[in-house]
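Peer 1: need coordinates for the below:
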Amino acid sequence: MSKFSYDKAQAELQQILDDLENNEISIDQLKQKIDRAKELVNKCRNKLAEIEESLNDSDKDL
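Peer 2: This is a model prediction of the structure:
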C-alpha cells in the first residue's frame with residue numbers, strides 16, 4: 001500500500017473538478033470519478049483530523 005499524499009489527493013480532486021466543469025468526463029466515467037472523489041475527500045478529512053489531534057496533543061504538553 002502506497003503512502004497517502006494530501007497534496008497529490010488535492011491535485012487529483014482538482015483535476016476531477018476541472019474535468020467535470022469542462023465536460024471532459026463521459027457519462028460512463030461519471031460514477032467512477034465521483035466514487036474516486038468521495039474516497040479522496042474522506043482520506044483528506046482523515047489526514048486533517050490526524051493532524052488536528054496531533055496538534056491538540058502537542059498543546060497539552062506545553
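Peer 1: tell me which strands and helices the longest helix belonging to the chain is in contact with?
Peer 2: The longest helix of the chain (DSSP state H) is helix 27-61. Other elements packing on helix 27-61 under the criterion 3 or more C-beta pairs under 8 Å, 6 or more residues apart in numbering; DSSP states H and E are helix 6-21. For glycine as for every other residue, the C-beta is placed from the backbone atoms N, C-alpha and C.
Peer 1: give the rounded mean pLDDT of the helix it packs on.
Peer 2: Averaging pLDDT along helix 6-21 yields 96.
Peer 1: buried set for that helix?
Peer 2: Buried positions in helix 6-21, judged by neighbour count with 16 or more other C-beta atoms under 10 Å: Ala9, Ile16.
Peer 1: which elements pack onto that helix?
Peer 2: Counting contacts by 3+ C-beta pairs under 8 Å, 6+ apart, helix 6-21 packs against helix 27-61.
Peer 1: can you give the distance from the helix it packs on to the centre of its chain?
Peer 2: 5 Å (C-alpha atoms, centre = their mean, to the nearest Å).
Peer 1: buried residues of it, list them for me.
Peer 2: Neighbour counts using 16+ other C-beta under 10 Å place Lys33, Ala37, Leu40 of helix 27-61 among the buried residues.
Peer 1: so who does the second one touch?
Peer 2: Same thing as Ala37. Neighbour list for Ala37: Leu13, Ile16, Leu17 [criterion: C-beta atoms under 8 Å, 6 or more residues apart in numbering].
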